[in-house]
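# Next input, structure requested:
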Amino acid sequence: MKITDSEKAEVLVQALPYIQKYSGKTVVVKYGGNAMINEELKKSVMRDLVLLSQIGVKVVLVHGGGPEIDKVMAEMGLTSKFEKGLRVTDGKTMEVVQMVLCGKINKDLVNLIGNCGGKAVGLSGVDGNMIEAVPVSEKLGFVGDIVNVNPQTVKDALDMGYIPVISSVGGDKNNNVYNINADTVAARIAGALNAQSLISMTDIKGILADPEDESTLIPAVSVSETNQLIKEGVITGGMIPKVACCVEAIRRGVDKVFIIDGRVPHAIIIEILSDEGIGTMFY
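Predicted coordinates for the structure are as follows:
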């Protein structure tokens with residue numbers, strides 16, 4: 001179906017209040033899931049970020065890269081081990097993590113944003129002492145827990161008109177580099193930047209009252225309701241730590257946090273620049 005010029009104009013006019021609301025504000029996007037694997041979705045996401053940047057939104061992209069790390073480790077004859085969803089990261093595994101996250105994935109995304117007409121700069125949590133970390137436990141090796149976030153490098157990049165693309169690693173004063181959960185990194189950076197919003201891209205529609213029925217999407221959840229939803233089994237499994245990061249961001253001053261379905265083309269634009277939205281909002 002072809003959209004007429006007048007219909008295009010009407011869409012832009014309807015988006016105006018949201019553009020005004022977000023112009024000059026910071027939005028942190030945690031990028032992951034199928035939107036990071038599917039090439040068409042990847043381009044769609046990057047175009048969305050460039051569009052937001054062009055209308056005055058200060059966009060920050062935080063990424064992980066578990067599937068890509070698994071692939072490279074398999075090619076190198078290394079085996080991935082997990083404890084409660086966290087990758088056991090010995091010295092050799094950390095070398096692969098750093099190479100894949102800070103090298104290949106990060107620079108591929110920067111290049112793609114540039115090819116979509118945007119300006120991006122690749123960063124990691126060790127740049128400018130952005131993320132200071134300590135080991136979560138001896139058993140997990142170089143898996144890090146964030147103890148401090150210094151957002152100045154990110155602010156400098158934003159002030160110069162760049163989209164900072166940040167890989168989820170951090171460092172300590174002993175020159176160790178740590179693998180850190182990307183949701184945690186995004187939440188802490190959003191808090192440190194006093195972001196207007198944090199958007200977490202996943203492979204589900206959001207929080208579902210019935211996990212087997214996507215029509216039961218819960219459009220909005222207050223921080224005070226999350227524990228009860230966990231007790232009732234509405235929030236389960238891998239969504240528990242993701243929701244915990246959403247709550248962390250709200251408590252650190254982020255105005256609103258969204259979990260959205262990254263499988264939907266232009267999901268970020270739909271969530272930010274329309275009344276309907278498509279995911280679950282935490283407030």
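# check contacts around the nearest residue to V264 once chain neighbours are set aside.
Leaving out its chain neighbours, the residue that sits closest to V264 by CB to CB, 6 or more residues apart in numbering is I278, at 6.1 Å. (C-beta placed from N, C-alpha, C; glycine too.) Contact analysis of I278 by CB atoms under 8 Å, 6 or more residues apart in numbering lists 205-206, 260-261, 264, 267, 270-271.
# Pick out the residue closest to the middle of the chain.
In the chain, the C-alpha closest to the average C-alpha coordinate belongs to K30, at a distance of 0.4 Å (CA atoms, centre = their mean).
# next one: stretch 150-163 to chain centre, how far?
17 Å (CA atoms, centre = their mean, to the nearest Å).
# buried residues in that stretch?
Under the neighbour-count criterion of 16 or more other CB atoms under 10 Å, stretch 150-163 has 151, 153-155, 157-158, 162-163 buried.
# and what of stretch 2-19?
Those would be Y18, for stretch 2-19 by 16+ other CB under 10 Å.
# re earlier: quick one: the residue nearest to V264 and M201, what's the gap?
For I278, the distance to M201 (CB to CB, to the nearest Å) stands at 11 Å.
# okay, and the common contacts of the two?
Common contacts of I278 and M201 (CB under 8 Å, 6+ apart): 260-261, 267.
# can you list these in CSV and add distance to A249?
Converted to CSV, the shared contacts of I278 and M201 look like this (distance: CB to CB, whole Å):
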residue, distance to A249
I260, 14
D261, 19
A267, 19
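# can you redo those residues as JSON lines with secondary structure, pLDDT and neighbour count?
Shown next, in JSON lines, are the shared contacts of I278 and M201 (DSSP: H, G, I helix; E, B strand; the rest coil; pLDDT from 0 to 100; neighbours: other CB atoms under 10 Å):
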{"residue": "I260", "secondary structure": "strand", "pLDDT": "90", "neighbour count": "25"}
{"residue": "D261", "secondary structure": "strand", "pLDDT": "88", "neighbour count": "22"}
{"residue": "A267", "secondary structure": "helix", "pLDDT": "88", "neighbour count": "25"}
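# Can you list phi and psi of the closest residue to D90 other than its chain neighbours for me?
Nearest residue to D90, sequence neighbours excluded (CB to CB, 6+ apart): G141, at 4.8 Å. Main-chain torsions, G141, degrees, to the nearest 10: phi 70, psi -130.
# surely I55 meets G24?
No. I55 is not in contact with G24 according to CB atoms under 8 Å; the separation is 10.2 Å.
# Of those two, give the one with the bigger neighbour count.
Neighbour comparison, I55 and G24: the larger count goes to I55, with 13 against 10 (by other CB atoms under 10 Å).
# Quick check: the gap between the more buried one and L273.
Distance, I55 to L273, by CB to CB: 9 Å.
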